[in-house]
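Student: turn this into a model:
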Amino acid sequence: SHTNKTSDQALTSILENKSISMEQLNDINSVLNFYIQHLQDTGDVTNHLEMKSNQDLRTYISSCHDKLLQYQRQLEKSENTKLELDSSELKFFEQMKGMTSEWENVSNEYKEIPETELYELSEGHWISLYNDLSIVTKENLN
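Tutor: Numbering: from 1, shown residues only. Purely as a prediction, here's the structure:
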């Protein structure tokens with residue numbers, strides 16, 4: 001999707017320049033927000049049905065969200081338009097780049113027409129997509 005492409009470009013350039021700007025933060029957040037928005041309800045449904053839904057996806061997304069919020073605050077306070085990142089901070093963005101492209105691969109398998117927007121999936125599909133995304137998240141966190 002367009003959102004994913006924009007975010008992936010932002011992540012690539014963060015890793016290359018070893019710094020992050022507000023615009024890049026917003027680009028990455030747009031992908032997280034997309035998944036948060038659409039998976040929140042799905043997660044609630046899977047929990048309600050007591051399906052075997054693991055918490056890795058939700059936990060990972062919210063930890064990313066928190067971390068990006070910290071960068072946002074730092075940028076707002078700082079005089080600079082960019083924050084320099086050290087190697088441990090870059091690891092976080094590297095993992096995130098891997099993770100979001102895994103999500104994209106999983107999500108694409110659910111779309112009957114590749115170009116369509118993801119949220120046009122039927123409700124039932126969201127639940128299995130949620131579980132599949134959770135599985136790849138768990139695998140990539142280890």
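Student: helices of the protein, residue ranges please.
Tutor: 2-17, 22-48, 56-77, 87-110, 123-141 (DSSP state H).
Student: mean pLDDT, mean neighbour count and distance to Glu117 for these - can I get that in TSV?
Tutor: C-betas here are computed from N, CA, C, even on glycine. Formatted as TSV, the helices of the chain follow (pLDDT from 0 to 100; neighbours: other CB atoms under 10 Å; distance: least, CB to CB, whole Å):
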stretch	mean pLDDT	mean neighbour count	distance to Glu117
helix 2-17	91	16	9
helix 22-48	80	17	10
helix 56-77	91	15	19
helix 87-110	92	15	10
helix 123-141	83	16	13
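Student: state the distance from the spatially most central residue of the chain to Glu84.
Tutor: By CA atoms, centre = their mean, the chain has its centre lying nearest to Leu32, at 3.9 Å. Per CB to CB, to the nearest Å, Leu32 is found 23 Å from Glu84.
Student: distance between the ends of stretch 69-89?
Tutor: This stretch, stretch 69-89, spans 14 Å end to end (CA to CA, to the nearest Å).
Student: run the chain-centre distance for that stretch.
Tutor: The chain centroid and the centroid of stretch 69-89 are separated by 19 Å, computed with CA atoms, centre = their mean, to the nearest Å.
Student: the residue nearest to the centre of the chain against Asp66, yeah?
Tutor: No: applying CB atoms under 8 Å as the test, Leu32 and Asp66 come out as separate, 10.6 Å apart.
Student: quick one: residues contacting the residue nearest to the centre of the chain.
Tutor: Applying CB atoms under 8 Å, 6 or more residues apart in numbering to Leu32 gives the contacts Ile61, Cys64, His65, Leu68.
Student: with Ile61 instead?
Tutor: Ile61 sits in contact with Leu32, Tyr35, Ile36, Leu39, where contact means CB under 8 Å, 6+ apart.
Student: the same query, at a cut-off of 6 Å, please.
Tutor: Leu32, Ile36 (CB atoms under 6 Å, 6 or more residues apart in numbering).
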